[in-house]
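Peer 1: need coordinates for the following:
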Amino acid sequence: MLGPSLSQPTARACHVRGAAAAPGAAAAARPRRSGRGAQLAAAAVEVEHAAAAPRASTSGRDGAERTPGPQGAFAPGQEAAARQQLFNRIAPVYDELNDRLSLGQHRVWKRMAVRWSGAAPGHAALDVCCGSGDLAFELARAVGAAGSVVGLDFAAEMLDDARARAEAAAAPRPAARPPPAMAWVQGDALDLPFPDCSFDAATMGYGLRNVADVPRALSELARVLKPGASAAVLDFNNNTDPLVDGVQAFFLERLVVPAAAAYGLADEYEYLRPSIKRFPTGAEQEAMALAAGFAEARHYPVGFGLMGCLVATKGAA
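Peer 2: Prediction:
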């Protein structure tokens, strides 16, 4: 199995994995170049090349052999491909719908997640399940020109939107204020194509709920973070309070789905409610993060408990 074992906490030693991580390892081992910005830009390009390499098959937690698919969405039949197609279909209106349905509040929640991740100037940051790039761009603001950001997603059209947004944002920027090095990688949240201990901070927005193996996704986040680094995982909250749960159900069924129907996407958004009810609760996520190798884990209710953010910190070396 590629990646850390899920039967025990991830080992804290920072070492480069085997063949799957070799291209990234080569980038990490290269002698320092003059100018940190140039070094980070080159590393970001090599990350894209490394992630494009063919991936070997992995066996699932049940021992059955599986072939890595989009964002780790392994499921019976064609569900993985269907989920990938779903996100490709909603890509053109994804940002507009998010703004309308949350009254812009999703941007506040994402800024909170970036603060909780601990991203700071000069850091190398990772956004898993990046979609059209909202969290990645917030990370870019946090790490500044001396830092670097990698956005990873399984939906090609979402990544196309993210790249287009990055290019549009960089075009008018004066030469005196260069943007951070940014790379966009199509890849699998259950088998991240990066060496161990690669990043100073990580985020994941509305993606953990869509993977087939939550513990493994958390284990992969722990693996690629440096000692002492944190991941902030923002998503809908499977709230155990009946009142909050009822409000969330009303919001999704009476507001979100009808609004999506206006864009011809009712079927695409009807999956939200059942996916939330299958999602681990905040307390369960905390326990999973600790079992996956994080030293500390805390789940914070966000947006009156409709959303939640898991903040997990890796132990010091």
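Peer 1: wasn't F304 part of a strand?
Peer 2: No. The assignment for F304, made by DSSP: H, G, I helix; E, B strand; the rest coil, is coil rather than a strand.
Peer 1: which non-adjacent residue is nearest it?
Peer 2: Distance criterion C-beta to C-beta, 6 or more residues apart in numbering; nearest residue to F304, sequence neighbours excluded, is V244 at 7.1 Å. No exception for glycine: its C-beta is placed from N, CA and C like everyone else's.
Peer 1: list the helices and strands the helix or strand L126 falls within packs on?
Peer 2: Following DSSP states H and E, one finds L126 within strand 124-128. Where contact means 3 or more C-beta pairs under 8 Å, 6 or more residues apart in numbering; DSSP states H and E, strand 124-128 is packed against helix 134-143, strand 148-153, strand 199-205, helix 214-224.
Peer 1: my guess is the residue nearest to F304 contacts G305. True?
Peer 2: Yes. With contacts counted by C-beta atoms under 8 Å, V244 reaches G305, the gap being 4.3 Å.
Peer 1: common neighbours of the two, please.
Peer 2: In terms of C-beta atoms under 8 Å, 6 or more residues apart in numbering, V244 and G305 are both contacted by the residues N237.
Peer 1: picking up where we left off before, and the angle for the strand holding L126 with helix 134-143?
Peer 2: 170 degrees (axes from the mean of the first three to the mean of the last three C-alpha atoms, to 10 degrees).
Peer 1: just checking: what are the partner strands of strand 124-128?
Peer 2: Partners of strand 124-128 in the sheet, by DSSP bridges, are strand 148-153 (parallel), strand 199-205 (parallel).
Peer 1: quick check: next helix or strand after the shortest one?
Peer 2: Put plainly, it is strand 148-153. helix 156-170.
Peer 1: hey, which of the strands paired with strand 124-128 is tucked in deepest?
Peer 2: Highest mean neighbour count of those: strand 148-153, a mean of 29 (counted as mean count of other C-beta atoms under 10 Å).
Peer 1: then it to PDB, C-alphas only?
Peer 2: C-alpha atoms of strand 148-153 as PDB (Å, rounded to 0.1, in the frame of the first residue of the first chain):
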ATOM      1  CA  SER A 148       4.500  28.900  -2.600                       C
ATOM      2  CA  VAL A 149       1.100  27.200  -2.900                       C
ATOM      3  CA  VAL A 150       0.100  24.000  -4.500                       C
ATOM      4  CA  GLY A 151      -3.600  23.400  -5.300                       C
ATOM      5  CA  LEU A 152      -4.600  19.700  -5.800                       C
ATOM      6  CA  ASP A 153      -8.000  18.500  -7.200                       C
END
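Peer 1: quick check: angle from it to helix 156-170?
Peer 2: Using the same axes, to 10 degrees: strand 148-153 against helix 156-170 is 150 degrees.
Peer 1: about what we covered before: export the helices and strands packed on strand 124-128 to JSON lines and tack on mean pLDDT?
Peer 2: JSON lines is the format used below for the helices and strands packed on strand 124-128 (pLDDT from 0 to 100):
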{"stretch": "helix 134-143", "mean pLDDT": "96"}
{"stretch": "strand 148-153", "mean pLDDT": "97"}
{"stretch": "strand 199-205", "mean pLDDT": "98"}
{"stretch": "helix 214-224", "mean pLDDT": "99"}
